[in-house]
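Asker: Model the structure of this input:
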Amino acid sequence: MQEKILNYIEKNSRINLHELAVILGEDETAVMNTLEEMEQEHVICGYHTLINWDKAGIDKVTAMIEVRVTPQRGMGFDKVARRIYNYPEVNSVYLISGGFDFMVIIEGRTLREVAEFVSQKLSALDSVLSTKTNFILKKYKDHGTIMADAPKEDERVGVS
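Answerer: Purely as a prediction, here's the structure:
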């Protein structure tokens, strides 16, 4: 039942408990208990709303920053990651493979604000060797949801 619940609420976290139980064909109390257990075990870490900030008319700048670091002795990358993710500007931190160690996603009101965070806070950490900042210019799809407006007419090329 846990996987069925997770698959459903990942796309529709606003569903009420009764409706979820009916869709899954499960007892409402069992579904509630499973949800509470998954929240306590941090299988479910939070419930979020996906917002198209461009449509809302609110200026936000999002950047994906690739960070190369020196891992901390005895702690590996975890201690460095903890220092980075504790900044309120940081939305996400991922340990990645490739030429960099972390992908850090941050938001700010302006390009300057993001750049200042990178230069004054992130790059200033003693274990950070280098950073590469990539600004998100437009989101087409985010968390499985298409963010772009649907085309007004069929843009497919006819085949004869």
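Asker: Glu10: what secondary structure?
Answerer: When classified by DSSP: H, G, I helix; E, B strand; the rest coil, Glu10 comes out as helix.
Asker: burial count for Val22?
Answerer: Look at Val22: counted by other CB atoms under 10 Å, it has 12 neighbours. Every C-beta, even on glycine, is put in place using the N, C-alpha and C of the backbone.
Asker: how about it, phi and psi?
Answerer: phi -60, psi -50 (degrees, to the nearest 10).
Asker: Quick one: low-confidence residue ranges for the chain.
Answerer: 150-156 (pLDDT under 70).
Asker: for stretch 98-113, which positions count as buried?
Answerer: The neighbour-count check on stretch 98-113 (16 or more other CB atoms under 10 Å) flags 100-108 as buried.
Asker: Buried by neighbour count: which residues of the longest helix along the chain qualify?
Answerer: Under DSSP state H, the helix in the chain containing the largest number of residues is helix 28-40. Across helix 28-40, burial judged by 16+ other CB under 10 Å covers 31, 34-35, 38.
Asker: Fine by me, we can end here.
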